[in-house]
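J.: Kindly return the folded structure for what I paste below:
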Amino acid sequence: MLTDSQIRSAKRGERPRKLSDGGGLYLLVAPNGGRYWRFNYRFAGKQKTLALGVYPDVGLAKARERHLEARRLLADGHDPNKERQAAGKTFEEIAREWHTHWKGSRHERHAHYVLRRLETDIFPELGALPLSDIPTSAFRDAVRKIEQRGAADIAKRVLQTCGQIMRYAMANDLAAHNPVAGIKPGDVLKPHKRRNYPRIDQKELPALLRAIDAYIGSEHTRLALQLMALTFVRTSELIGARWSEFDMKAARWTIPAERMKMKTPHIVPLSKQALGVLTRLREISFGRELVFPGDVQPSKPMSNNTLLFALYRMGYRGRMTGHGFRGVASTILHEQGWPHEHIELQLAHQERDNVSAAYNHAQYLQPRSQMMQAWADYLDKRRTEKDEEQQIAA
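T.: Numbering: from 1, shown residues only. Here you go, the predicted model:
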């Protein structure tokens, strides 16, 4: 073990000298008289050296403290050199490294949206902080701030993304621990009750679409189901539709506030396929104001149960409801990489009213129109999948 007096009295030589303090820690005395603390260790089968500072700026006690910390990292399976390299990097720098690595197998639109969420909500709060200095509470406070503006789902997704970033940092020896690892959204965000509606999964979608096309009941019911799949509005919003709400030239359906669950007007961009369904509905409307009149009382909308019972007759009892189309669309559109806020606005969820004043019924109309047309095209493609598979097999 070295002493301060030994260090001070150490003479330089023609070649570098090593004064050992044990455990791989030593003082390197250079020919020019400089004294440098070094730690020799092995990691992953390779000999490595970690610089711990220059004497006398870093005294014997401080050098031993740094040496002990490096040995603790080794004991936990981390390379002290990489930890030291990462110590000066900020959370934003590591997050962008992670994003470059992660986005390779993701849809370009989805990858762009994830980065934009970080740039909007996290980098302003945590981006400039050194990665090793960010406590768990900083991540908690950042996502709670997102939640407070009404974007609970975005807050949850951002927290999950931060966890992925920190896991990446640990896996690449850029961080000694993950301050997000022990946090679940329910630990820091308010619980939100959601009603679960029966719905089919993606692989069952082609069969359902063909079953709707082949439905032999009322034509109004068949067309209502087709329009429901194309627009994924709520059942009550669909069956109460009036022709005065539609602008066929602008390809737009504006549902008035009084018919919306959230009591704000809602715009549904209409795809070419939706316009085709509406054109046929107009032909059989016989001048009525209601798009979907009841069979018994044409002056009133068809019943909520009309669509549900039609699904029952097609063999989907307990497997699908009118509301289920919303869940199917949301899941698939998210997986395809469409921006979360565009999907939520099109679903007319509460989040659109609270996020900011800019989140109104007319927000993002152009990209939402593109999304709705892409969704209709996707349904057309899925509708014919089984027939294509049979042709290939034949």
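
J.: Go ahead and list the helix or strand containing the most centrally placed residue in the chain.
T.: When the chain is reduced to its mean C-alpha position, the closest residue under C-alpha atoms, centre = their mean turns out to be R157, at 4.7 Å. Element membership of R157, judged by DSSP states H and E, is helix 152-171.

J.: what comes into contact with that helix?
T.: Among residues not part of helix 152-171, those counted as contacts by C-beta atoms under 8 Å, 6 or more residues apart in numbering are 86, 91, 94-95, 97-98, 101-102, 114, 117-118, 121-122, 131, 139, 142-144, 146-147, 174-181, 183, 185, 188-190, 192, 340-341, 344, 351. Just so you know, the C-beta spots here come from the backbone N, C-alpha and C atoms, and that holds for glycine as well.

J.: Return a ChimeraX selection command for the buried portion of these.
T.: For anyone working in ChimeraX, the buried entries among the contacts of helix 152-171, judged by 16 or more other C-beta atoms under 10 Å, can be selected with:
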select :86,91,94,95,97,98,102,114,117,118,121,122,131,139,142,143,146,147,174,175,176,178,179,180,183,185,188,189,340,341,344,351
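
J.: Among the contacts of helix 152-171, which are located in helices?
T.: Using DSSP state H to define helices, the subset of the contacts of helix 152-171 located there is 86, 91, 94-95, 97-98, 101-102, 114, 117, 139, 142-144, 146-147, 185, 188, 340-341, 344, 351.

J.: so who does P301 touch?
T.: With contacts defined as C-beta under 8 Å, 6+ apart, P301 is in contact with 239-240, 290, 292-294.

J.: Leaving out sequence neighbours, find the closest residue to H107.
T.: The shortest distance from H107 to any non-neighbouring residue, by C-beta to C-beta, 6 or more residues apart in numbering, is to G337 (3.2 Å).

J.: how many neighbours does the one you found have?
T.: The criterion is other C-beta atoms under 10 Å. On that basis, G337 has 15 neighbouring residues.

J.: Just the element for it, please.
T.: With elements delineated by DSSP H and E, G337 resides in a region that no helix or strand encompasses.

J.: thought it was touching S105?
T.: No - judged on C-beta atoms under 8 Å, G337 makes no contact with S105 at a distance of 11.8 Å.

J.: Report the beta-bridge partners for L19.
T.: According to DSSP bridges, the residues that bridge with L19 are L27.

J.: List the residues that contact it.
T.: 2, 6-7, 10, 26-27, 29.

J.: Would you mind measuring from it to L50?
T.: With distances taken as C-beta to C-beta, to the nearest Å, L19 is found 17 Å from L50.

J.: just for the stretch 251-394 of the chain, where's the confidence low?
T.: Low-confidence regions of the stretch 251-394 of the chain, defined by pLDDT under 70, span residues 350-362, 386-394.

J.: Quick one: the helices in it, in order.
T.: Counting by DSSP state H, counting those that start in this stretch, the stretch 251-394 of the chain has these helices, from start to end: 272-283, 304-313, 324-335, 340-346, 351-354, 365-383, 385-393.

J.: Can you redo those as a markdown table, where the extra columns are distance to A63?
T.: Output for the helices of the stretch 251-394 of the chain, formatted as a markdown table (distance: least, C-beta to C-beta, whole Å):
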| stretch | distance to A63 |
| --- | --- |
| helix 272-283 | 73 |
| helix 304-313 | 74 |
| helix 324-335 | 53 |
| helix 340-346 | 50 |
| helix 351-354 | 54 |
| helix 365-383 | 58 |
| helix 385-393 | 68 |
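
J.: highest average neighbour count across the ones you listed?
T.: Each of the helices of the stretch 251-394 of the chain was given a mean neighbour count from mean count of other C-beta atoms under 10 Å, and the largest, a mean of 22, is that of helix 340-346.

J.: Need the residues that contact that helix.
T.: When contacts are defined by C-beta under 8 Å, 6+ apart, helix 340-346 is touched by residues 113, 153-154, 157, 232, 268, 329-330, 333-334, 351-352, 355, 359, 363-364, 367-368, 371-372.

J.: Good, we can wrap up now.
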